[in-house]
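Participant: Build the 3D model from these lines:
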Amino acid sequence: MKNTLYTLVGVIAGFALAGLLLFIIRAPAGEPIRLQPAPTKEPIAVHVIGAVPRPGLYEFAQGARVQDAIDAAGGLLSSANVESINLAALLEDGQQLNIPYRTGQEPSGQSSSNGDEGLNLPGATEEPGDNGGGDNELININTASLEELDSLPGIGPTIAQRIIDYRDENGPFAVIEDILNVSGIGPSTFDQIKDLITV
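Facilitator: You can find the predicted model right below:
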């Protein structure tokens with residue numbers, strides 16, 4: 001009788017031990033690996049005006065170039081002055097990209113088809129004296145407010161603030177060419193504004 005009891009206890013203990021070993025061996029599965037999406041950079045906003053079919057405000061990924069902005073605005077009009085455009089230049093957030101017209105091919109009234117509400121000044125760069133009293137409308141880059149600088153073609157609020165910061169740190173501009181020292185203003189932008197500014 002005792003032998004039977006011992007045998008029964010041994011069998012039960014064996015099953016219990018086997019169950020314990022099986023439980024230990026089968027460790028619970030870990031959490032599945034989840035790949036997080038790569039962080040995306042905020043898009044930049046650029047105001048495209050001038051000699052394009054669809055001027056307006058467009059958003060681009062960071063690293064976009066002038067050619068991307070022109071494509072988004074429908075390409076270049078036949079009257080665009082392509083030689084003065086740096087298609088490889090990087091776009092900046094808040095930039096106003098003014099695509100200039102060829103001399104003598106500016107639209108009459110400058111608002112017949114562009115709808116730029118006075119922001120587009122493509123003719124002013126080539127014909128500063130045609131409106132009579134043009135000298136009175138020159139913007140003094142040493143005293144101009146951010147809004148006045150922002151109204152210049154090719155100068156958005158970001159670059160306008162840089163101009164103000166530059167003159168605060170380095171003193172007034174001695175000649176208008178000194179504005180080329182401001183980050184973001186290159187020869188093509190200077191060509192657009194040189195007849196609209198003074199010191």
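Participant: can you give me the end-to-end distance of stretch 55-72?
Facilitator: 9 Å (CA to CA, to the nearest Å).
Participant: Show me which positions of it end up buried.
Facilitator: Buried residues in stretch 55-72, counted by 16 or more other CB atoms under 10 Å: Pro55, Tyr58, Phe60, Ala64, Val66, Asp68, Ala69, Ile70, Ala72. To be clear about C-beta, it is placed using only N, CA and C from the backbone, and glycine gets the same treatment.
Participant: now stretch 168-180
Facilitator: In stretch 168-180, counting by 16+ other CB under 10 Å, buried: Phe173, Ile176, Asp178, Ile179.
Participant: picking up where we left off before, out of the buried residues of stretch 55-72, what pair is the most spread apart?
Facilitator: Pro55 and Ala64 (17.0 Å; CB to CB).
Participant: Three-state assignment for Thr7, please.
Facilitator: When classified by DSSP: H, G, I helix; E, B strand; the rest coil, Thr7 comes out as helix.
Participant: That one: how many residues sit nearby?
Facilitator: For Thr7, the number of neighbouring residues by other CB atoms under 10 Å comes to 10.
Participant: Tell me how far it lies from Ala13.
Facilitator: Distance, Thr7 to Ala13, by CB to CB, to the nearest Å: 11 Å.
Participant: For Ile44, state which of the buried residues of stretch 55-72 is nearest.
Facilitator: For the buried residues of stretch 55-72, the nearest to Ile44 is Phe60 (5.6 Å; CB to CB).
Participant: Okay, and the beta partners of that closest one?
Facilitator: Ile44 (DSSP bridges).
Participant: so it touches Glu42, yeah?
Facilitator: No. Using CB atoms under 8 Å, Phe60 makes no contact with Glu42, being 11.0 Å away.
Participant: Going by neighbour count, which residues in stretch 190-199 are buried?
Facilitator: Here stretch 190-199 shows Phe190, Asp191, Gln192, Ile193, Lys194, Asp195, Leu196, Ile197, Thr198 as buried, counting by 16+ other CB under 10 Å.
Participant: Find the residue closest to the fourth one in space, skipping its chain neighbours.
Facilitator: Using CB to CB, 6 or more residues apart in numbering and skipping residues adjacent in sequence, the residue nearest Ile193 is Leu152, 4.8 Å away.
Participant: what's the answer for the fifth one, then?
Facilitator: In this structure, Lys194 finds its nearest non-sequential neighbour in Ile176, 6.2 Å apart by CB to CB, 6+ apart.
Participant: do the same with the last one
Facilitator: The shortest distance from Thr198 to any residue other than its chain neighbours is 4.3 Å, reached at Leu138 (CB to CB, 6+ apart).
Participant: and the one you found, how many residues sit next to it?
Facilitator: Neighbours around Leu138, by other CB under 10 Å: 15.
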